[in-house]
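Student: Sharing a model prediction with you, sequence too.
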Amino acid sequence: MTALRLLWREFIGGHLTLLALALTVAVGAMTTTAVLTDRIDGAMRADAALLLGGDLRLTGPRPVSPEWLNEATRLDMDYTQTIEFPSVVGLETRFELTGLKIVQAGYPLRGQLEIADSRASSGYPTNQIPEPGTAWADPQLASKLDLAVGDKISVGETELVVDQILVFEPDRGGSFVSLSPRLLMNQADLAGSELIQPGSRVRYITLFAGDNADAFRSWLEPQLDISQDLDGVVEGRPEVGNALTRATTYLSLAGLLTVLLSGAAIAMTATRWANDHIADSALFRTFGLTARETTGLFATELGVLGLLASCVGVGVGYLVQFALVDTIAGMLTISLPEPSMTPAWLGLLTGFVTLFGFAAPALFMLSQVPPIRVLKRDYAVSGLGRGVRYLIALISIAVLGFLYSGDALLTAWVVLAVVVLFSLVVFLGRIVIRLLGPLEKLGPAWRFGMQQLIRDPQQSGGQLMAFALTALAIAMVSLVRFDLITTWEAQVPTDAPNTFALNITDRDAPGFRQAVLDRGGDLAPLYPIVRGRLETVNGIPLVDHLEGVEPPGAVRRELSLTEASEIGRDNMIDRGRWFVADEPPGVVTVESELFDELNLRLGDVLTYQVGPDVIEAEVIGTRVVQWESMLPNFFMIFSEGTLSSFESTRLTSLSLPDPDKDTAAIAGEFRQVTLLSVDAILDQVRGILGRVSQAVSVVLYFVLVGGVLVLAASIQTSLPERRRESAILRSLGGSDALLSQSQWAEFLTLGVVAGVLAAVGTEILGWLVYTQIFNLQWQSFWAVWIGLPVGSGVLVGLIGRWSARQARQLPPAQLLKIADG
Amino acid sequence: MSSQPVLHVRQVTHGFTDQSGQRLSVLESIELQINPGDSVAIVGPSGAGKSTLLSLLAGLDVPETGDILFQGESFSAESEDARALIRRGRIGFVFQSFQLLQGLTALENVMLPLELTGISVGEAKQRAAKWLGRVGLGERMTHRPRMLSGGEQQRTAVARAFVSEPALLFADEPTGNLDRRTGEAITDLLFNLNRETGTTLVLVTHDERLAERCDRILHLENGQLLEVVE
Ligand SMILES: Nc1ncnc2c1ncn2[C@@H]1O[C@H](COP(=O)(O)OP(=O)(O)OP(=O)(O)O)[C@@H](O)[C@H]1O
Ligand SMILES: [Mg+2]
């Protein structure tokens, strides 16, 4: 109770404002970042879930077990089941192999289908599915069968009326693999069609959606057998999944760095607080308090203060975050879900853990104050060793970082970077500042400024660390943001292909090519397509070669095989080689991941069944393929001539300046060619990437603001000392201008040195995070080496000046008291 | 009761070893008895060991050899915490640099030792107000140290020292930070209260006028403590 009264009185007396403020700001910053990242993460996932038609997609060769559906219901998850398989669809005498998709009411759980009333009219979104007895055909099927809305088509043993054109399925995906003609029909018609026979290649797909997707996933995952795949958006739609994963990691990184910054600020203020209370601690002992009682008193004071400040900080964090969302709402095209309460607890916990992680050493120091110090001021107080102090701080950073990011590796790298930065400050900082000693010759202001730095290495070291950390954090979040957004922009450039062309005959090929070029369009090579199945590896049947392991999905069905002489611009050879000029037929390059899944080695000989024929090819290289590029891509590409004896049509992708008009014109000219607009898919992906980019930027600005706040707070902690010193200097006749300039000189120097150290830290952390976490290429960037020292010098100089001005602007009467206090 | 000395120092020797391992002997075989109600001044050149002696007398530190008894209880044998409990409510301090808590008002500063030793807020407030009145600061109770002059701060410290009505009061250079007039006012205050309450007063000072007003003057030099007799 006494502790609380003491706390209250000291607080009213304005003696705890600094610590309380620093804690509040720190917890507030962490909470805001946490809430914001939580909401943005939620929004991104919800947004991306549209691309899957649900939050989770379970695919397998058999109907899903009812027990699983019960569990889903128990967890409040919605679900809908669809069935997909290829079948022949007929209209009069024309037949076409079509991907059937059989759906029930409720499909899709996320996103909307788009339909059109006729082949010529444009699409609109709908929440319906085809009525029993009707079906919706996609433009490709419509064009191949030359069907009109209202026509009756035969599907297995039944007949269905095509009453809409299916323009867009949110969950269809943009890869060439999924580009067979499509027919959507109602489950009620399935039995009558008698389509599913034993041995049919049927895929049963169940979509799940709901808030407990993660829980359901962890429950379900262990029960899956090898033939079943459970995908979230990340795996299900790699063209945005990758971006999503990276953005989430980015948010974690930002949160982690905020924890770090806040921790640094709290450490500084807590040490300040403890130093202020050394005399009090000794005094209390003369009142007859035992060491334990004294420690208890301070611990209670600190704990209660921490709790209250954390609560206020969490509150402030939520408010700021609301205000922030309000101001940016106009810019954001992403709609954020309501904030959850988890970040509040996290913020509270963080406030506590950081406070104790960083203040426990200070508290310990207070408990060690010998009572004799009331009589002898110079009695040293033996606190914890520096090593132990930093160890405790590091452990709390690591624990919190992990709590925040849930990413052990990321946390480890950040902690490592902090250790490196710390060593730099300890070993280099002092040397650098000493080397800068000659700056003293620039005049008295510089002399005072530099002396200030050299005289108290403990304090200048601490500030150097805080400034360097801030600079490092800001540099990291800015760089990563820049590179992520650049990567995403490159992924779907504005000139990305917006149309796919299929069924181009050899005869049409040159004319088609010319027609596209004449319209100012651009097109990828025209790849001949031959369907074939991979049969043996070095003469051993595939199943035996894999020793019972289920073959990957790609080779379970027929593959699209092609040949080429030039490598696509989104392909990169990572093992072996690409074809040389005049490469003889009979060699193949394999997509890198499939190569590994198939357990292949360079030099292996593969055979493929193509119709009644068999072809043989030796593997000479592997390609890393950027599937999300919207260019035609293939698992197997043969050297030219390998496939020339087979009947083939060609496919390619084009970008047309005016897709609607140009497509119509080209389609009129080449009636056999199927042209498919992928604008919708492209827009979908672009939209999501754009929103993810926005999210990442918003968080960057927040870390920036947080960094500046924390900087200001940390400078504030040195204010009492500065007050005393300026009072002394002024009483000795120092002019205001001199004081102002010396503080400017001091902080400018600190800022520049911190910037240089931060640049070194950025190189290290950047390399680690880029290569180990984001799978991006790390490049040393000159702007870091110039920008950080300059930026940090100016920023720290300004903030330092602003804060220290308060030290100077005191009435002279007060000055004297401070000088001897 | 009156026959027992408040402080009994028996054969106390104390010194320090500095970083280079050099031993510095500060006190050598000190013998001393201080009786209840006495006022004792310890004088001597700077560095003679006055503060060191005071810290031993107050049980803030223990002597290397010898023994110090406070009201018949030995400090030397006890742990620091046990010594703290012995001090509790029975020993008061006045310091050269006042040692007031900057965040607290004058009244709160005076209440502090009472509250910390478990006396109710109401009573603490009443007693503190009474003592602030006695040192002439009845009107300044809600002021914080910043707003008080040096003399006023020291008077607050005196009120704080007396508020628990200790048997023994130590003062280390109580006038050292004050001008002469203010110093004299504080001195008057200390001696008046010493007489009124019967508290034993042990003070360290360079101020000869202050020393001369004490019942006894002890001179510390070269590790030896000599009674100055007029
Ligand atoms: N912790 C210590 N370690 C080493 N030497 C010490 C320590 N404390 C005091 N001394 C030394 O012991 C001697 C006595 O110190 P003390 O503070 O008791 O002197 P003093 O008489 O109070 O001086 P002053 O009048 O200047 O306050 C001095 O020489 C001092 O340097
Ligand atoms: Mg002394």
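Tutor: Cool, the structure landed. Numbering: from 1, shown residues only, chains lettered A, B, ... in the order given. Ligands and ions are numbered 1, 2, ... in the order given.
Student: Lowest average confidence across helices and strands of chain B, where is it?
Tutor: None of the helices or strands of chain B scores lower by mean pLDDT, DSSP states H and E than helix B:80-87, at a mean of 84.
Student: The residue nearest the centre of chain A: what secondary structure?
Tutor: Centroid-nearest residue in chain A, with Cα atoms, centre = their mean: A:A247, separated by 1.6 Å. Following DSSP: H, G, I helix; E, B strand; the rest coil, A:A247 is assigned to helix.
Student: quick one: buried residues of the least confident helix or strand of chain B?
Tutor: Across helix B:80-87, burial judged by 16 or more other Cβ atoms under 10 Å in any protein chain shown covers B:E80, B:R83, B:A84, B:L85, B:I86, B:R87. Where C-beta positions appear, they are placed from N, C-alpha and C, glycine not excepted.
Student: What count of nearby residues applies to the closest residue to ligand 1 within the stretch 251-400 of chain A?
Tutor: Going by Cβ to the nearest ligand atom, ligand 1 is nearest to A:K376 of the stretch 251-400 of chain A, at 5.7 Å. Using other Cβ atoms under 10 Å in any protein chain shown, A:K376 has 16 other residues around it.
Student: Alongside ligand 1, which residues does the stretch 151-300 of chain A contribute?
Tutor: For the stretch 151-300 of chain A, no residue is in contact with ligand 1 (Cβ under 6 Å from any ligand atom).
Student: Helices along the stretch 151-300 of chain A, start to end?
Tutor: For the stretch 151-300 of chain A, applying DSSP state H, counting those that start in this stretch gives helices covering A:190-193, A:213-220, A:233-236, A:238-276, A:278-286, A:291-329.
Student: Any chance of CSV for the buried residues of helix B:80-87, columns distance to ligand 1?
Tutor: Output for these, formatted as CSV (distance: Cβ to the nearest ligand atom, whole Å):
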residue, distance to ligand 1
B:E80, 16
B:R83, 18
B:A84, 20
B:L85, 25
B:I86, 22
B:R87, 20
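Student: Cross-check the residues you listed against chain A and keep the overlap.
Tutor: B:E80, B:A84, B:L85, B:I86, B:R87 (Cβ under 8 Å from any Cβ of the partner chain).
Student: surely the third one meets A:T290?
Tutor: Yes. Contact criterion Cβ atoms under 8 Å: B:L85 and A:T290 qualify, at 6.7 Å.
Student: returning to that earlier point: any idea of the pLDDT on the residue nearest to the centre of chain A?
Tutor: Each residue has a pLDDT score; the one for A:A247 is 79.
Student: can you check the one 5 residues further on too?
Tutor: With respect to pLDDT, A:S252 has a value of 79.
Student: pretty sure A:G99 belongs to a helix, no?
Tutor: No. Counting by three-state DSSP, A:G99 is not found in a helix; it is strand.
Student: how near is A:A274 to chain B?
Tutor: From A:A274 over to chain B the distance is 15 Å, taken as Cβ to the nearest Cβ, to the nearest Å.
Student: Let me see the contact set for residue 171.
Tutor: Picking chain A for this. By Cβ atoms under 8 Å, 6 or more residues apart in numbering or on different chains, A:D171 lies in contact with A:L51, A:L52, A:G53, A:G54, A:R57, A:P108, A:G111, A:L207.
Student: was after chain B, sorry
Tutor: Contacts of B:A171 (Cβ under 8 Å, 6+ apart): B:F93, B:V94, B:F95, B:A161, B:L190, B:L201, B:V202, B:L203, B:V204, B:T205.
Student: of the residues you listed, list those near chain A.
Tutor: Okay, of the contacts of B:A171 touching chain A (Cβ under 8 Å from any Cβ), that's B:F93, B:F95.
Student: now the contacts of B:A171 in CSV, with neighbour count and distance to A:S218?
Tutor: Formatted as CSV, these follow (neighbours: other Cβ atoms under 10 Å in any protein chain shown; distance: Cβ to Cβ, whole Å):
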residue, neighbour count, distance to A:S218
B:F93, 25, 64
B:V94, 23, 68
B:F95, 23, 64
B:A161, 25, 66
B:L190, 25, 75
B:L201, 24, 75
B:V202, 26, 73
B:L203, 27, 74
B:V204, 27, 72
B:T205, 24, 76
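Student: Now flag whichever of the contacts of B:A171 is closest to chain A.
Tutor: B:F93 (4.9 Å; Cβ to the nearest Cβ).
Student: Shouldn't that closest one be within a strand?
Tutor: Yes. Using three-state DSSP, the assignment for B:F93 is a strand.
Student: Touching, it and B:L169? I think so.
Tutor: Yes. If you go by Cβ under 8 Å, B:F93 and B:L169 touch, sitting 7.4 Å apart.
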